[in-house]
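Engineer: Here is a sequence with its predicted model. Questions after.
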Amino acid sequence: MSSNYLEIIRPGINTTFQDKGRDHLYHIGIPFSGAMDNRNYLIANKLVNNNLDSAVIEFAYQGPHIKYSGEKINFAVTGDVIFSIKKKDTEIEGNCYQSYQVEDGDEINIVSTNKSVYGYLAFGGEFDLKFQWNSCSINTKANIGSNDGKKLDVGQKVNLKKINSNKDIKKTNYINTKIENIRVIKGTNFDYFSEEGKKIFYEKEFTVSKLSDRMGMRLEGPKIDNIVNTNIKSEGLIKGVIQVPADGNPIIMLSDHGTIGGYPKIGVVASVDYDRLVQMSPGSKIKFKEINLSDAETLFKLYEMETQNLLSQI
Amino acid sequence: MIKNISNLGDAALYCDFGNEVNKSINSQVIKYFRNIKEKKFEGINNLTPSYNKLIISYDLKKTNFKEVKNYVENINAKDSKDISSKKLEIPVCFHENFSMDIKRLEEILKLSREKILENFLNKEYFCYMTGFIAGMPFLGDLDENMRAQRLETPRVKVPKGSVALTEQFANIYTFESPGGWNILGNTPLDVFDSSKEDKPNLINPGDIVVFKEITLDQYKNYNE
């Protein structure tokens, strides 16, 4: 047994290890996976002096309650998250976007995310995890990745094989901005939908359904009417694709999506808005706004520059 | 040949080879897929071949639509070798425990169980693509008189190994998953094995598959 480990007192709802994800596998049916909110994943690693592609703990809604055993280690939480740190004789409320040091016997209790979905818990060191195709990201549908491809479970122990010697405490001021409109690029089957349906897509509000997870986000709202065919010959999907099945309710493909699908594609979420899209919790209202390819490319470049800038200040 | 290239969002190329589903168009898709995969163009991070489309996804931090499109347009697919056709035999047990939709198929196809199995077994199938779930092969083509629509309400759980039909295609559920195909039998073979990182899929696009009937006893003893 390693001398430095986490013990999972309460796993939370959907707690997994995630990293940058795995590529070059769509053709055999394996999706990208990886941290849903990439920016918050990177910031979490930077705050604890990790390499930016290190594994972190991703949680949704309710997070894990963890007891730490071993020598001193830093950790940080990112997202919009309520959590506490319990030390021998005190319990303090934690702040996101700053690192803390814990020692043997301390506990971290991630109570919940606040009006958002995903949060990240990074430790300054390296977990002892199995890698599959250069990634430890857990895909619970295909049981691929570390922890036998399963969510973290109550009572389990997670070993750390290395603790960073750099234990500088870091802090950044970052606010997760809410987004009013999700920008989309017209899909390859846009013309399958009635004029009324197209208008609904861009002008009406949709509500994020409870039936949303790492695979996809289902939306409810006015029905989008298909006038050509409610099925297409199955073809490849990427994250962000918005499919509309026969019932007229859009489904947005997220990081653990099926690699092939047979529903018409009305649009694709612009890469710039993906991190913010995945954070929209059930009940949130979504409105789509059309942009063209070149604007989408420019907006992503700016977003990426902003991310690099944030990271360089930590 | 590629008839049209457009963008799918801001991080993928949508290469359209036509609308028909047949071996000759699909072989073109697979040729392009293999050619691009071998050359490892910087920034391309995924390729998804399907019946008549090839989706090429890329990392928007490294490249963009214009660059990838230009690259694909200048590929001479004639350079690539003809696609190989590995031939595989897949054992299937049609015991009533497994063939959950045989009654439904008998009604829809207006064929007896014996005739359905005979038609199904007496055929070579071509693997058009793999995916949806990891390793699932899309095999075709079933004869006209063997084509049934998918279930109106998909099953929440289709057992691992299920061999199923929809329209002109057969497939194999590589692990337990939701699904709406008509289940005919079950194979004890591991069609997808994530521990084999080099070759997780038993069946790959371009392969030829035949099914062979086994008894329940043979099924039970298969992995011993």
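Structural biologist: Cool, the structure landed.
Engineer: Chain B: strands as residue ranges?
Structural biologist: B:4-7, B:12-16, B:44-49, B:53-58, B:87-93, B:125-130, B:137-140, B:155-158, B:162-166, B:169-172, B:177-179, B:182-186, B:208-214 (DSSP state E).
Engineer: Only the buried residues of the last one, if you could.
Structural biologist: This means strand B:208-214. B:209, B:211, B:214 (16 or more other CB atoms under 10 Å in any protein chain shown). All C-beta atoms are positioned from the backbone trio N, CA, C, and that covers glycine.
Engineer: With distance to chain A and pLDDT as new columns, can those be given to me in CSV?
Structural biologist: CSV is the format used below for the buried residues of strand B:208-214 (distance: CB to the nearest CB, whole Å; pLDDT from 0 to 100):
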residue, distance to chain A, pLDDT
B:209, 16, 97
B:211, 20, 98
B:214, 25, 97
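Engineer: and which of those is nearest to residue B:68?
Structural biologist: residue B:209 (32.5 Å; CB to CB).
Engineer: first to last residue in stretch B:6-23, what's the distance?
Structural biologist: 23 Å (CA to CA, to the nearest Å).
Engineer: Please state the backbone phi and psi of residue B:203?
Structural biologist: Backbone torsions of residue B:203, given as degrees, to the nearest 10, read phi -110, psi 130.
Engineer: Contacts only, for residue 23.
Structural biologist: Chain wasn't specified; assuming chain A. Contacts here follow CB atoms under 8 Å, 6 or more residues apart in numbering or on different chains; on that basis residue A:23 touches A:32, B:45, B:46.
Engineer: Wait, chain B was what I had in mind.
Structural biologist: Residues in contact with residue B:23, defined by CB under 8 Å, 6+ apart, are residue B:126.
Engineer: do the same with the one 3 residues further on
Structural biologist: Neighbour list for residue B:26: B:49, B:51, B:52, B:126, B:128, B:129, B:205 [criterion: CB under 8 Å, 6+ apart].
Engineer: do you know how far the spatially most central residue of chain A is from chain B?
Structural biologist: Against the mean C-alpha coordinate of chain A, by CA atoms, centre = their mean, the closest residue is residue A:36 at 1.9 Å. Separation of residue A:36 from chain B (CB to the nearest CB, to the nearest Å): 16 Å.
Engineer: Contacts only, for the residue in chain B sticking out farthest from the centre.
Structural biologist: Computed with CA atoms, centre = their mean, the residue of chain B farthest from its C-alpha average is residue B:61, at 31.2 Å. Contacts for residue B:61 (CB under 8 Å, 6+ apart) come out as residue A:304.
Engineer: Contacts only, for the residue nearest to residue B:143 when sequence neighbours are not counted.
Structural biologist: Spatial nearest neighbour of residue B:143, excluding adjacent residues (CB to CB, 6 or more residues apart in numbering or on different chains): residue B:119 at 6.0 Å. Going by CB under 8 Å, 6+ apart, residue B:119 touches B:111, B:142, B:143, B:145, B:146.
Engineer: Do any residues in the helix or strand bottoming out on mean pLDDT in chain B lie close to chain A?
Structural biologist: Lowest on mean pLDDT, DSSP states H and E among the helices and strands of chain B sits strand B:177-179, with a mean of 87. Yes. Interface with chain A: strand B:177-179 contributes residue B:177 (CB under 8 Å from any CB of the partner chain).
Engineer: Same list (the contacts of residue A:23) but as CSV, adding pLDDT and distance to residue B:170.
Structural biologist: Listed next are those as CSV, based on pLDDT from 0 to 100; distance: CB to CB, whole Å:
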residue, pLDDT, distance to residue B:170
A:32, 96, 28
B:45, 96, 30
B:46, 97, 26
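Engineer: any idea how chain A splits into domains?
Structural biologist: In terms of domains, chain A is parsed into A:5-163, A:181-312 (source: automatic domain parsing).
Engineer: Out of those domains, the one nearest residue B:96 is which?
Structural biologist: domain A:5-163 (28.6 Å).
Engineer: for the closest one, the distance to its chain's centre please.
Structural biologist: 12 Å (CA atoms, centre = their mean, to the nearest Å).
Engineer: Just give me the longest helix of chain A.
Structural biologist: helix A:293-312 (DSSP state H).
Engineer: The least confident helix or strand of chain B pairs with which strands, parallel or anti?
Structural biologist: Using DSSP bridges, strand B:177-179 pairs in its sheet with strand B:155-158 (antiparallel).
Engineer: how about the partner strand as CSV, C-alpha atoms only?
Structural biologist: The C-alpha trace of strand B:155-158 is given here as CSV (Å, rounded to 0.1, in the frame of the first residue of the first chain):
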residue,chain,number,x,y,z
ARG,B,155,-34.6,-1.7,-25.2
VAL,B,156,-32.9,0.0,-22.2
LYS,B,157,-30.4,-2.9,-22.1
VAL,B,158,-29.4,-5.1,-24.9
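Engineer: what does that strand contact?
Structural biologist: B:164, B:173, B:176, B:177, B:178, B:179, B:180, B:181, B:183.
Engineer: quick one: buried residues of it?
Structural biologist: B:155, B:158.
Engineer: that older thread, out of the contacts of strand B:155-158, which is most surrounded?
Structural biologist: residue B:173 (27 neighbours; other CB atoms under 10 Å in any protein chain shown).
Engineer: and that residue, what is it in contact with?
Structural biologist: B:133, B:136, B:158, B:159, B:160, B:161, B:162, B:164, B:179 are the contacts of residue B:173 under CB under 8 Å, 6+ apart.
Engineer: Pass me the low-pLDDT residue ranges in the chain, would you?
Structural biologist: With no chain named, the answer covers chain A. Residues of chain A that meet the criterion pLDDT under 70 lie in A:1-2.
Engineer: my bad, chain B
Structural biologist: B:77-83.
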